[in-house]
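Participant: Prediction below, plus the sequence it came from.
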Amino acid sequence: MTVILGLESSCDDSAAALVTADRRILAHAVVGQNKAHQPFGGVVPEIAARAHVEILPGLVRQVLDDAKTAIGEVDAIAATAGPGLIGGVMVALLTGKGLALAAGKPLIAVNHLEGHALSPRLVDPDLAFPYLLLLVSGGHCQLLEVRGVGDYRRLATTIDDAAGEAFDKAAKLLGLGYPGGPAIEQLARSGVSSAVSLPRPLLGSAEPHFSFAGLKSAVQRAVASGAHRPQDIAASFQQAVVDCLVDRTRVALRTSDAPTLVVAGGVAANQAIRLALAALADEHGRGFSVPPAWLCTDNAAMIAWAGAERLAAGLIDSLDAPARARWPLDSHADQVRGAGVKA
Ligand code: KG4
Ligand code: ZN
C-alpha cells in the first residue's frame, strides 16, 4: 500500500501525518501555537517560524512511531511549499527535502490551498470532480471550480479581508482570544443574531466576490457604542458572515453546473456556516460535502492526501522546488481590485 508522509507549517500549526492512497489515516499530529501568539492578537511570523523548527521534527518521529512505520516504508514525502508565512513554509519544505534526500524518496511540493481543496476527498470516496468549492480560511476566501488534481478555476475571491481574518478581527475587537473563529462561535450561541444591525458587503452584486472590511468596521462601532451585549454582537456578526457566504455562493452556483457544493478551510469548522451551505446546496439540487472540523483547520493529513493524489497523477517535484509566500491555485484568474494583498 502506498504511504505518504505529509508535513505542514505554513501558518501557526505544526503538523505531520501518514496517510495511505486508499484513504487510511495511519497517524496524524497537530501542535498549535495559540498561546505564543495570543498576547499579540494574531500570528507573529518569526515566532511561528522558530516554533516550527522546534516542533516539526518531533511530530515526524511521533507519527512514524504511532503508525509503527519506518521512514524507509514511506513511498513519498509531501510538504507544504506555500502559500503562507515564508519562514514557516520553509520549515516543512526543507524538512521534507531532507527526509526525501536521506531516504531516497520522491518529494511532492504541495500548495496548501490544494491541501484544503482536496481534503474532502480523503474522507468522502464518492466525491468526484468537478465540484464547486467554497474555500474559507484565515488567509483566503474563494469560490473555485475543482475540475481535477491541479486543475482549478477561480470564480471569485475577496476584495479585502478573508473570512477567517474577519472572525479574528471581530474577536479581537470583542476582547476574545486568538484564533477568533471558535471563540466567536462559542459566544454567539448565547446571543441574538438579529440584535445588532450589521452590513452585508456586496450582497446581491452580480459577481460572486467577497468583502468583509466594512463588516469589521461596523463591529468596531458596535463595540465602541457600548450599547450591545458582546454575545449579541458575536451572534449578529456570525449571521452577517453566513448571509454573505450564502449569497455569494448562490451567485456562483448559477455559473457552475458542478453537481456538488463543497466547503473547506478553517472557517468551514463553523457549525452555522456548515448548516447554511448544506441548506443552500439542497435548495439548488446539488450534493454537499464538508470534511470533519479537524480536517477543515490546518493539518498535515490534507497535505499527505494532496500528495497521494498528485503522486497518482505522476506529479512529483525536484529537490530545488521553491518555497512560495504567494501561490494562487488558478494562475490564470483575473486580478480583482484589492484582492491578493495577503498570502
Ligand atoms: O485553514 P486554517 O486553519 O488556516 C489557514 O490556512 O488560514 O484557518 C484558520 C482560520 C482562522 O481565521 C480561524 O479563526 C478560523 O479559520 N476558524 C473559524 C472556526 N475555526 C477556525 N472560523 C469560524 N468558526 C470556527 N469554528
Ligand atoms: Zn489553511
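Facilitator: Nice, I can see it. Ligands and ions are numbered 1, 2, ... in the order given.

Participant: for ligand 1, what are the nearby residues on this protein?
Facilitator: By the rule Cβ under 6 Å from any ligand atom, the part of the chain lying against ligand 1 is 11, 137-139, 164, 167-168, 179-182, 185, 265-267, 269-270, 297-298. For every residue, glycine as well, the C-beta is placed using N, CA and C.

Participant: For stretch 219-239, C-alpha coordinates in CSV please.
Facilitator: Provided in CSV are the C-alpha atoms of stretch 219-239 (Å, rounded to 0.1, in the frame of the first residue of the first chain):
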residue,chain,number,x,y,z
VAL,A,219,-18.4,45.7,14.6
GLN,A,220,-15.8,48.2,15.8
ARG,A,221,-18.6,50.9,16.0
ALA,A,222,-21.0,48.5,17.7
VAL,A,223,-18.4,47.6,20.4
ALA,A,224,-17.4,51.3,20.9
SER,A,225,-21.1,52.3,21.3
GLY,A,226,-21.3,50.3,24.5
ALA,A,227,-25.0,49.7,23.6
HIS,A,228,-24.8,45.9,23.0
ARG,A,229,-24.1,42.7,24.8
PRO,A,230,-20.9,41.0,23.4
GLN,A,231,-22.8,37.8,22.7
ASP,A,232,-25.3,39.7,20.6
ILE,A,233,-22.5,41.3,18.6
ALA,A,234,-20.9,37.9,18.1
ALA,A,235,-24.2,36.3,17.0
SER,A,236,-25.1,39.2,14.7
PHE,A,237,-21.6,39.2,13.2
GLN,A,238,-21.6,35.5,12.6
GLN,A,239,-25.0,35.8,10.9
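
Participant: Run through the residues that contact Thr158.
Facilitator: His140, Cys141, Gln142, His209, Phe210, Ser211, Phe212, Ala339 (Cβ atoms under 8 Å, 6 or more residues apart in numbering).

Participant: who's in contact with the fourth one?
Facilitator: I take that to be His209. Counted by Cβ under 8 Å, 6+ apart, His209 has contacts Ala156, Thr157, Thr158, Ile159, Leu202, Arg248, Val336, Ala339.

Participant: for these, which one is nearest Ala276?
Facilitator: Arg248 (12.0 Å; Cβ to Cβ).

Participant: I figured the closest one hits Phe210, correct?
Facilitator: Yes. Between Arg248 and Phe210 there is a contact under Cβ atoms under 8 Å: 5.6 Å.

Participant: which residues do these two both contact?
Facilitator: In contact with both Arg248 and Phe210: Ala156, Leu202, using Cβ under 8 Å, 6+ apart.
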